[in-house]
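Undergrad: Here's a sequence, model it:
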Amino acid sequence: MGTDTLRKCNRCGVEAHTEEDLELFEKETRGKHGRRNNCKSCRKERDTVWRSANRDKVIYKTKKYHAEKTYGISLDKYVERMATSDCCEVCGSKDRLCYDHDHKTMKFRGVLCNKCNRSIGQLGDTLESIKKVLFYLKERV
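TA: Residues are numbered from 1 along each chain as shown. Predicted coordinates for the structure are as follows:
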């Protein structure tokens with residue numbers, strides 16, 4: 001690394017000579033000039049290879065993060081609640097099952113397929129809106 005080189009990728013050798021060039025490297029407070037020692041391109045490639053080789057770990061970590069951040073519960077609690085039904089409690093589908101919850105209280109309501117869950121959500125998650133849809137359909141069928 002020359003005297004005018006601010007950062008050099010340990011993998012591919014790309015160099016940053018200006019502050020603008022440093023954008024090629026991800027930020028990291030502990031790194032030299034506040035940047036990682038691998039360029040973004042090499043880091044992305046390395047991460048892609050790791051994710052492919054560690055698919056189960058990635059899925060576990062993603063589900064754990066989602067349960068904690070979205071619903072405020074542990075992954076164990078999420079799994080326990082999702083195990084209450086092996087199919088959608090509205091239409092019976094077994095495809096793309098979702099954790100249905102009240103968005104105000106975060107209380108678990110049940111297991112729904114993605115289609116039913118999104119439909120209820122699009123209707124505002126209220127009994128009143130669903131009654132209006134039922135009335136509408138009843139009048140036109």
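Undergrad: tell me the domain ranges of this structure?
TA: As assigned by automatic domain parsing, the chain contains the domains 7-50, 54-83, 87-141.
Undergrad: The second one spans what distance, first to last residue?
TA: The separation between the terminal residues of domain 54-83, taken as CA to CA, to the nearest Å, is 25 Å.
Undergrad: Please spell out which residues along that domain are buried.
TA: 67, 71, 73, 78, 81-82 (16 or more other CB atoms under 10 Å). From N, CA and C alone the C-beta is placed, and that goes for glycine too.
Undergrad: how about these in JSON lines, adding distance to residue 45 and secondary structure?
TA: Formatted as JSON lines, those follow (distance: CB to CB, whole Å; DSSP: H, G, I helix; E, B strand; the rest coil):
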{"residue": "67", "distance to residue 45": "30", "secondary structure": "helix"}
{"residue": "71", "distance to residue 45": "34", "secondary structure": "helix"}
{"residue": "73", "distance to residue 45": "35", "secondary structure": "coil"}
{"residue": "78", "distance to residue 45": "32", "secondary structure": "helix"}
{"residue": "81", "distance to residue 45": "38", "secondary structure": "helix"}
{"residue": "82", "distance to residue 45": "34", "secondary structure": "helix"}
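Undergrad: Can you tell me which of these is closest to residue 19?
TA: Using CB to CB, residue 67 comes nearest to residue 19 of the buried residues of domain 54-83, at 40.5 Å.
Undergrad: how much space between the residue lying closest to that closest one once chain neighbours are set aside and residue 59?
TA: For residue 67, ignoring the flanking residues on the chain, the nearest one in space by CB to CB, 6 or more residues apart in numbering is residue 78 at 3.8 Å. Using CB to CB, to the nearest Å, one gets 13 Å for the distance from residue 78 to residue 59.
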